[in-house]
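model the structure of this input:
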Amino acid sequence: MTAPLWLLTLITFSGTLAMHIFVPALPEAAQDLGASMGAMQLTMSVYILGLAFGQLAYGPLSDRFGRRPVLMAGLALYAAAGLGAALVPDVHSLVIARLLQALGGCAGLVIGRTIVRDTALPQEAARRLAIMNLMVAVGPGAAPLIGSALAASLGWRSIFFALAALGMINLLFSWRLLPESKAATATSAAGGLARNYGRLLVSPAFLGYAVGGGCATTSMYAFISASPFIFVHQLHRPDYEVGIYPAIVLGGVWLGSVAATRLIPRLPIDRLAVWANLLSVLASFALLAGVLAGHLSVPTIMIPMFVFGFGAGIASPAALTQAISVNPRVIGSASGLYGFSQMGVGAVCTALVGTGHDPALTAAAILVGAGVIGQAAFWLALRRRPPSAPGV
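Numbers count the residues shown, from 1 in each chain. Below you'll find the predicted structure:
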């Protein structure tokens with residue numbers, strides 16, 4: 001019995017969907033709960049933090065106790081927290097519920113990838129991860145639209161009732177359809193697991209793929225977070241267009257993921273992330289050149305960003321597959337640490353973009369810097385890759 005790819009994709013999609021689905025309902029929820037917008041924004045921040053730090057825990061737990069029980073515990077927490085968020089009396093309770101929801105939701109992000117790597121050889125795993133990435137890329141783009149429709153028709157609490165229902169559906173299907181994928185021989189004592197996890201943290205190959213993968217993908221959060229200021233304040237575009245531009249970037253990621261499913265069987269996987277990230281680096285330099293030349297317009301911004309997203313969509317599954325294959329004994333831990341690094345890079349880039357006075361210039365400079373760091377990290381990983389790691 002194999003794990004259905006559609007179910008692993010749905011489980012992973014759930015964690016990313018909940019990140020942005022609440023954004024359109026923030027003003028309504030703030031009024032209903034008598035909370036400030038700052039307090040409501042905290043419900044978004046704690047979700048991102050929960051996704052980042054929760055992934056560090058699920059990797060080792062799934063290596064120690066198995067994929068299936070740990071995943072089902074996470075899905076149960078996700079569903080229960082969603083129900084709690086729908087029933088909260090105040091914003092403080094909502095913040096706590098959102099943190100617990102993130103801690104449950106990130107189980108799918110880690111263990112879904114881990115199950116794919118457990119059950120497939122590197123080339124096939126990369127192809128399946130590309131398909132998952134293709135579908136999961138829809139999550140951040142579709143989430144605000146879904147959240148807006150639910151809030152407008154049924155109120156903001158309906159968003160969390162819907163997420164709780166999604167969690168229950170995932171839990172039911174996982175109980176019925178997901179087998180345990182961790183090899184029995186992979187069970188290790190807590191001390192041995194801690195040592196192996198520590199080895200990942202000092203492995204140049206793993207750190208290269210992890211840092212490079214984050215710089216190649218979630219660095220785009222800098223542009224996404226700056227886009228309202230770029231297009232509304234600098235280009236004076238109408239407010240209703242703001243949601244379109246991040247969707248175009250995610251469309252590039254989507255197409256890149258499609259391309260990855262075709263390229264992975266035909267090209268060396270150890271070089272694919274480097275080549276794809278190089279495409280994104282060139283696009284970020286084109287964006288920076290346009291900003292510095294004073295040619296700021298929707299086409300001069302969105303064409304490079306679409307290409308950047310395309311490169312990120314190709315690089316993501318290749319970098320992830322290489323990272324979690326560095327040490328086959330701790331695939332779950334590697335998946336969790338990789339996910340943490342992605343969220344960490346995204347959080348740092350998002351924070352940095354708020355420090356500049358020119359949003360377009362700051363975002364472009366951050367993307368260039370992240371791209372160069374990503375290239376250096378990937379080349380370090382290639383040079384220091386263990387002989388047993390997949391390279392073809």
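
for this structure, give me the ranges with low pLDDT.
1, 37, 41, 122-123, 133-141, 183-197, 239-240, 242-243, 385-392 (pLDDT under 70).

phi, psi of D358?
phi -110, psi 100 (degrees, to the nearest 10).

can you tell me how far it is from L250?
Distance, D358 to L250, using CB to CB, to the nearest Å: 24 Å. Backbone N, C-alpha and C define where each C-beta goes, glycine included.

more crowded one of the two?
Between D358 and L250, L250 has the larger neighbour count (other CB atoms under 10 Å), namely 22 against 15.

look up which helix or strand the more buried one falls in, please.
Take DSSP states H and E as the rule and L250 turns out to sit in helix 244-263.

same question for P228.
Using DSSP H and E, P228 falls in helix 221-228.

for that helix, name the packing helices and strands.
helix 244-263, helix 331-353, helix 359-383 (3 or more CB pairs under 8 Å, 6 or more residues apart in numbering; DSSP states H and E).

with respect to Y78, which of those lies nearest?
Nearest of the helices and strands packed on helix 221-228 to Y78, taken as CB to CB: helix 331-353 at 15.7 Å.

strands of the stretch 51-200 of the chain, start to end?
Shown for the stretch 51-200 of the chain, no strands are assigned by DSSP state E, counting those that start in this stretch.

ranges for the helices of it?
67-86, 91-118, 122-136, 138-154, 157-177, 190-201 (DSSP state H, counting those that start in this stretch).

could you identify which of those is most buried?
Using mean count of other CB atoms under 10 Å, the stretch among the helices of the stretch 51-200 of the chain with the largest mean neighbour count is helix 91-118, at a mean of 25.

between helix 331-353 and it, find me the angle.
Using axes from the mean of the first three to the mean of the last three CA atoms, to 10 degrees, the direction of helix 91-118 lies 130 degrees away from that of helix 331-353.

could you chop this protein up by domain?
5-185, 197-383 (automatic domain parsing).

quick check, distance from the shortest one to the centre of its chain.
Which is domain 5-185. 11 Å (CA atoms, centre = their mean, to the nearest Å).

can I get the helix holding P228 in PDB, CA atoms only?
What follows is helix 221-228, C-alpha atoms only, in PDB (Å, rounded to 0.1, in the frame of the first residue of the first chain):
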ATOM      1  CA  TYR A 221       8.300  37.000   0.500                       C
ATOM      2  CA  ALA A 222      10.200  40.300   0.500                       C
ATOM      3  CA  PHE A 223       8.600  41.300  -2.800                       C
ATOM      4  CA  ILE A 224       5.200  40.000  -1.800                       C
ATOM      5  CA  SER A 225       5.200  42.000   1.500                       C
ATOM      6  CA  ALA A 226       6.400  45.100  -0.300                       C
ATOM      7  CA  SER A 227       4.100  44.900  -3.300                       C
ATOM      8  CA  PRO A 228       1.200  46.900  -1.900                       C
END
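
with respect to E28, which of the helices and strands packed on helix 221-228 lies nearest?
helix 244-263 (21.7 Å).

packing partners for that closest one?
helix 122-136, helix 138-154, helix 221-228, helix 269-292, helix 298-324.

roughly how far apart are S341 and A276?
In this view, S341 and A276 are 18 Å apart by CB to CB.

those two - which one has more neighbours?
For the pair S341 and A276, the greater number of neighbours falls to A276 (27 against 23), based on other CB under 10 Å.

how about the more buried one, what does it touch?
A216, G256, A260, G311, A312, G313, I314, A315, A318 (CB atoms under 8 Å, 6 or more residues apart in numbering).

10 Å instead?
216, 256, 259-260, 263, 267, 310-319, 378 (CB atoms under 10 Å, 6 or more residues apart in numbering).

now L163
So L163 contacts 14, 17-18, 21-22, 78-79, 81-83, 85-86, 101, 105, 147, 150 (CB under 10 Å, 6+ apart).

do I366 as well
So I366 contacts 219-223, 226, 284, 288, 348-350, 352-353, 355-356 (CB under 10 Å, 6+ apart).

please repeat the previous calculation with a cut-off of 7 Å.
Contacts for I366 (CB atoms under 7 Å, 6 or more residues apart in numbering) come out as S219, A222, C349, L352, V353.

check the burial of the residue nearest to the last one when sequence neighbours are not counted by counting its neighbours.
Which is V353. Distances taken as CB to CB, 6 or more residues apart in numbering put A222 closest to V353, at 4.3 Å, once the chain neighbours are dropped. As a burial measure, A222 scores 27 neighbours (other CB under 10 Å).
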